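Peer 1: One predicted model, sequence on top.
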Amino acid sequence: MNKLAMGRDFDIGALHFASVTDASRLIQTGALSPIELVETFLARIDAVDGELHSYITVLAERARAAAKLADAEIKAGRWKGPLHGIPFAVKDNYHVTGVPTTGGSRLMADYVADDTSTIVGRLAQAGAILLGKLNTWEYGTGNGHVYHDLPYEVARNPWDLRRFTGGSSTGAGASVAAGTAMFALGSDTGGSIRLPAAACGLQGFKATFGRVSRAGCIPNCWSLDHTGALCWTVEDSAIVLQTIAGYDSRDPSSARTEVPDYRQSLHQGVRGLVIGVVSDFGPEGSALDAANAVAIERAAKVLEGRGAIIRDVTLPAPLTQYRDAARIINWAESFSIHEQDFLARNHLMGQALREKMMSGFMVRAVDYIAALRLRKALAKATDALVRSCDALLLANAFHVAPRFDEPDSVPLFTSETASSVFNITGHPALSICTGFDGGGLPLNAQIVGRYFDEATVLKVAQAFESATPWRDRRPDL
Amino acid sequence: MTEIPATSLSEIEAYARRHGLTNLTPEHLSRLAELADKVAALGRSLPRMPSKEDEPAHSFRVPQP
């Protein structure tokens, strides 16, 4: 038995469910070897991924070699920090030198990357160990439907294998929930980090636009794309963000803004913080599951009980305005990225991507510019709301993970959300697990902060997480 | 307001060909026609800003000295 720092006893067989925070403390003290940890995850992948399909490529030998190196470094007194020896995986739209990037697409079937994405490189520098490349919607995008027509089996939700993981970072959501990766990188253009986090009961963080480099991640829509991590705990999210955040000259949108110490303020609590709760979304709000709505009310009460000042607020515009602007921008930019493939090789595309390209093919320039203007106005008005509080608490995915055998409900999981609001505005937004519904499926909300104030977002989320029991439950897989 | 007629198959085929898209199956062309109407409607629904000086967000910047 290993005694983990949180005070729980873990059978070594359940190490795959340890948090980054706990495993890292064990590694630092020498109670756990990166070799043992990596072998635990490779065994877990062997045991469950045949039905889970979280991975497209498992890099077992590469991971073993990295673990051996990390073990030697740590034993020699060269511990690099809390990610040293920690196994992780990345959505298969991140490039890693010498490793295939498939983008989940037939179009990239034979592609081997000759460069490494900036944030994967930063994680490697910090000593984290790459286990492999994770399942994804084709090019991390689509029309919301899952047609089961891609060259890789669809990832399954560990809480119920008959259900969707949320998209597009499907394997990232599945892997962290199922314990086939300790944390995972995803990408988020309209919610693709936060929605799999919601469906799979995780914490998924899309930081401020410009905070985390997108260089070396296949673009989907330049002006809405964000990169970030899906983790089991808020503290894990802080640890990973600390490593991946910061200016990168390879990303033209990267911000030259100082990165604070996220863990320093993490446990300071929420006493006196003003948290605006958005509970009225107008007519679109009627789609919000009752269980999610109740869980958000309870979350607000938990934070109030911890000393936060709760204030009812409303978004400055209907959700449809954010969603419509996002759709036009996304279709146009995405089509610009994939135009040549669409014209020449659309027969290799899955239906979801092909239909999105068809939409992009039809967008007029004047409508794209109208959407950019609308975006600017929405961002300004929303920022005024965000700045009137310390953080916002509101719905993210309106529904719990839908079943694949009810295909009409699958696209609603990604369309009936408040996720794209913060791709449009660029504010930091963290999806948190707010409990479970009567069927044992994860519920969710998002915490949103001021531009570049990820520290407050994490602090609020930590206050909620530490006051609730939701991190004690794991999928029975 | 006059109702806008749906895009016909011949219209969409000609438009597609004009812009280099020549390899869609008949089924995909039908779908393209349906999506064309939806995309046009969504584009028309976006509010137009009142001022001609209201420059949209854009990505072009010259390098900082």
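Peer 2: Received, thanks. Numbering: from 1, shown residues only, chains lettered A, B, ... in the order given.
Peer 1: what pLDDT, on average, does stretch A:403-418 get?
Peer 2: For stretch A:403-418, the mean per-residue pLDDT is 96.
Peer 1: Show me which helix runs longest in chain B.
Peer 2: If you go by DSSP state H, chain B has its longest helix at helix B:26-45.
Peer 1: In it, which residues are buried?
Peer 2: In terms of neighbour count (16 or more other C-beta atoms under 10 Å in any protein chain shown), helix B:26-45 has its buried residues at B:28, B:29, B:31, B:32, B:33, B:35, B:36, B:39, B:40, B:42, B:43. (C-beta placed from N, C-alpha, C; glycine too.)
Peer 1: What of stretch B:16-23?
Peer 2: B:16, B:21.
Peer 1: Between the two ends of it, how far is it?
Peer 2: By C-alpha to C-alpha, to the nearest Å, the extent of stretch B:16-23 from end to end equals 9 Å.
Peer 1: which ones are touching the residue nearest the centre of chain A?
Peer 2: Nearest residue to the geometric centre of chain A (C-alpha atoms, centre = their mean): residue A:193, 2.7 Å. Residues counted as contacts of residue A:193 (C-beta atoms under 8 Å, 6 or more residues apart in numbering or on different chains) are A:169, A:172, A:186, A:187, A:204, A:205, A:206, A:226, A:228, A:229, A:230, A:431.
Peer 1: follow-up on the earlier one: which one of the buried residues of helix B:26-45 is nearest to residue A:321?
Peer 2: Checking the buried residues of helix B:26-45 against residue A:321 with C-beta to C-beta, the nearest one is residue B:42 at 11.6 Å.
Peer 1: Might one say that the closest one is in contact with residue A:325?
Peer 2: No - using C-beta atoms under 8 Å, residue B:42 is not in contact with residue A:325, being 10.0 Å away.
Peer 1: Tell me which other helices or strands whatever helix or strand residue A:187 lives in touches.
Peer 2: Residue A:187 belongs to strand A:183-188 when assigned by DSSP states H and E. Using 3 or more C-beta pairs under 8 Å, 6 or more residues apart in numbering or on different chains; DSSP states H and E as the contact criterion, the elements in contact with strand A:183-188 are strand A:87-91, helix A:118-125, helix A:170-178, strand A:203-206, strand A:226-231, helix A:234-244.
Peer 1: hmm, try it at 10 Å
Peer 2: strand A:87-91, helix A:118-125, strand A:129-134, helix A:170-178, helix A:194-200, strand A:203-206, strand A:226-231, helix A:234-244 (3 or more C-beta pairs under 10 Å, 6 or more residues apart in numbering or on different chains; DSSP states H and E).
Peer 1: and chain B, which of the ones you listed is closest to it?
Peer 2: Closest to chain B of the helices and strands packed on strand A:183-188, according to C-beta to the nearest C-beta: strand A:226-231, at 15.3 Å.
Peer 1: partners of that closest one, with directions?
Peer 2: strand A:183-188 (antiparallel), strand A:203-206 (antiparallel) (DSSP bridges).
Peer 1: Can you add mean pLDDT and mean neighbour count and give those strands back as a markdown table?
Peer 2: Listed next are the strands paired with strand A:226-231 as a markdown table, based on pLDDT from 0 to 100; neighbours: other C-beta atoms under 10 Å in any protein chain shown:
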| stretch | mean pLDDT | mean neighbour count |
| --- | --- | --- |
| strand A:183-188 | 98 | 30 |
| strand A:203-206 | 98 | 34 |
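Peer 1: part of a strand, is residue A:434?
Peer 2: Yes - the assignment for residue A:434 is a strand, going by DSSP: H, G, I helix; E, B strand; the rest coil.
Peer 1: Is the residue nearest to residue A:245 when sequence neighbours are not counted in a helix, a strand, or coil?
Peer 2: Closest residue to residue A:245 apart from its sequence neighbours, by C-beta to C-beta, 6 or more residues apart in numbering or on different chains: residue A:259 at 4.6 Å. Recorded secondary structure, residue A:259: coil (three-state DSSP).
Peer 1: Next up, the contacts around residue A:259.
Peer 2: Neighbour list for residue A:259: A:207, A:211-212, A:241-247, A:452, A:454-455 [criterion: C-beta atoms under 10 Å, 6 or more residues apart in numbering or on different chains].
Peer 1: how close does residue A:254 get to chain B?
Peer 2: The spacing between residue A:254 and chain B, counted by C-beta to the nearest C-beta, to the nearest Å, is 12 Å.
Peer 1: any idea which element residue 61 lies in?
Peer 2: I went with chain A, as the question did not name one. Under the criterion of DSSP H and E, residue A:61 resides in helix A:60-75.
Peer 1: that's the wrong chain, I meant chain B
Peer 2: Here residue B:61 sits in a region with no helix or strand, counting by DSSP H and E.
Peer 1: swap in residue A:142?
Peer 2: Short version, using DSSP H and E: residue A:142 is in no helix or strand.
Peer 1: That one: what's it in contact with?
Peer 2: So residue A:142 contacts A:104, A:136, A:150, A:167-168, A:192, A:220, A:334, A:349-356, A:411, A:414 (C-beta under 10 Å, 6+ apart).
Peer 1: what about 6 Å?
Peer 2: A:352, A:353, A:356 (C-beta atoms under 6 Å, 6 or more residues apart in numbering or on different chains).
Peer 1: Kindly list the main-chain dihedrals of it?
Peer 2: For residue A:142, the backbone dihedrals (degrees, to the nearest 10) come out as phi 150, psi -160.
Peer 1: Most neighbours out of the contacts of residue A:259, which is it?
Peer 2: Among the contacts of residue A:259, residue A:212 has the most neighbours (other C-beta atoms under 10 Å in any protein chain shown), with 31 neighbours.
Peer 1: beta partners for that one?
Peer 2: Here residue A:212 sits in beta bridges with residue A:245, going by DSSP bridges.
Peer 1: Where does pLDDT dip in the stretch 201-350 of chain A?
Peer 2: Within the stretch 201-350 of chain A, not a single segment meets pLDDT under 70.
Peer 1: Contacts only, for residue A:445.
Peer 2: Applying C-beta under 6 Å, 6+ apart, the residues near residue A:445 are A:296, A:299, A:396, A:432, A:434.
Peer 1: Between all of those residues, which two are separated the most?
Peer 2: Every pair of the contacts of residue A:445 checked by C-beta to C-beta; the farthest is A:299 and A:396, at 11.7 Å.
Peer 1: Same drill for those two, tell me which one is more crowded.
Peer 2: More crowded of residue A:299 and residue A:396, by other C-beta under 10 Å: residue A:396, with 28 against 24.
Peer 1: and the stretch 251-400 of chain A, which residues reach chain B?
Peer 2: Contact residues, the stretch 251-400 of chain A versus chain B (C-beta under 6 Å from any C-beta of the partner chain): A:324, A:343, A:358-359, A:362-364, A:367, A:369-376.
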